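Asker: need a 3D model of the following:
(one chain, ligands or ions: 1)
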Amino acid sequence: MRIKICGITQLQQSLAITQLGATALGFICVPSSPRYVSIEQINLATSHIPDHIDKIGVFANSTIFEITKVVSSSSLTGVQLHGDETQLFCEGLRQALPNIELIKAFRVRSWEQLETTPNFTGCVDTFLLDAYHPQQLGGTGKTLDWQVLQSFRPSLPWFLAGGLTPDNVLTALTQIHPDGIDLSSGVERSPGDKDLDKVALLFSRLNQL
Ligand SMILES: O=C(O)c1ccccc1NCC(=O)[C@H](O)[C@H](O)COP(=O)(O)O
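Answerer: This is a model prediction of the structure:
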């Protein structure tokens, strides 16, 4: 299973989190986020990270120009679209970045919304489901209704996000079987400052699976 730790800002934490077992690191490229990192910070934080670790830039309602600029100036291997990006936008980004993993995030406000996911299957590689919050785009600590998600069977691999913590991750994974999980606030001391003890606890809990 893929394990993505999102909202990383520091090299030492990238290294430690990778050594603990993360398969993907997420970098927030949304200027309004308290976890925002510049291109320079991304490059520093990924400078000693092995090639097999996915390095995902998280964008929300950005432009194709801006996203391609960040990707071409950094070591990112993937782009996560966390805003209201349309199918048309994703098709354009796919053309601009044919060799970069595209992850379309859905901030789930209603279950009917998930019926739109098939529209994106031809233009992105992966889905991510996160909780909806009226004021915040991500990193909210809010959980989804895992029981309802038991019937979610997309044709693309998908990440479960939203309020996962070392204490609730096994409960979530006994109910649903995503291809990956994504955690941010559940393993941090303050926005952008990861708590390595919590990350270690997460991996020790996951080893019980
Ligand atoms: O984390 C942010 O600050 C953020 C800001 C704007 C768009 C997306 C953002 N985060 C996206 C993520 O991938 C988070 O990991 C995801 O929302 C889960 O967060 P959490 O509920 O804190 O585990």
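Asker: alpha carbons only for contacts and neighbour counts from here, please
Answerer: Noted.
Asker: how about the residues of the chain by the ligand?
Answerer: With CA under 6 Å from any ligand atom as the criterion, the chain comes near the ligand at residues 6-7, 30, 33-35, 60, 82, 130, 137-142, 161-164, 182-186.
Asker: filter those to the buried ones?
Answerer: Buried members of the residues of the chain next to the ligand, counted by 16 or more other CA atoms under 10 Å: 6-7, 30, 33, 35, 60, 82, 130, 137-142, 161-164, 182-186.
Asker: check contacts around L164.
Answerer: With CA atoms under 8 Å, 6 or more residues apart in numbering as the criterion, the residues that contact L164 are G141, T143, D182, L183, S184, G186.
Asker: any idea how far the residue of the chain most remote from its centre lies from the ligand?
Answerer: In terms of distance from the mean C-alpha position of the chain, Q208 ranks first, at 23.1 Å (CA atoms, centre = their mean). Using CA to the nearest ligand atom, to the nearest Å, we find Q208 at a distance of 21 Å from the ligand.
Asker: A helix includes that residue, no?
Answerer: No. When classified by DSSP: H, G, I helix; E, B strand; the rest coil, Q208 is found to be coil rather than part of a helix.
Asker: quick one, phi psi at it?
Answerer: For Q208, the backbone dihedrals (degrees, to the nearest 10) come out as phi -80, psi -10.
Asker: residue contacts, it?
Answerer: Q208 makes contact with no residue, according to CA under 8 Å, 6+ apart.
Asker: could you give the number of residues near F152?
Answerer: Counted with other CA atoms under 10 Å, the neighbours of F152 add up to 16.
Asker: tell me who's in contact with it.
Answerer: Neighbours of F152 in contact, by CA under 8 Å, 6+ apart: none.
Asker: phi, psi for it please.
Answerer: phi -80, psi 110.
Asker: how close does it sit to Q95?
Answerer: F152 sits at a distance of 28 Å from Q95 (criterion: CA to CA, to the nearest Å).
Asker: so where's the longest strand in this protein?
Answerer: Within the chain, and with DSSP state E defining each element, the longest strand by residue count is strand 101-108.
Asker: partners of it, with directions?
Answerer: According to DSSP bridges, strand 101-108 has the following sheet partners: strand 78-81 (parallel), strand 126-131 (parallel).
Asker: a markdown table for these, including distance to Q12 and mean pLDDT?
Answerer: Shown next, in a markdown table, are these (distance: least, CA to CA, whole Å; pLDDT from 0 to 100):
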| stretch | distance to Q12 | mean pLDDT |
| --- | --- | --- |
| strand 78-81 | 21 | 98 |
| strand 126-131 | 26 | 98 |
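Asker: export the ones you listed as CSV, with columns for distance to V70.
Answerer: Formatted as CSV, the entries for these read as follows, by distance: least, CA to CA, whole Å:
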stretch, distance to V70
strand 78-81, 10
strand 126-131, 20
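Asker: and L20, which of those strands is closest to it?
Answerer: Across the strands paired with strand 101-108, L20 has its closest neighbour in strand 78-81 (21.1 Å, CA to CA).
Asker: figure out how far stretch 31-42 is from the centre of its chain.
Answerer: Relative to the chain's own centre, stretch 31-42 is displaced by 15 Å; criterion: CA atoms, centre = their mean, to the nearest Å.
Asker: since that was my last question, I'll sign off now.
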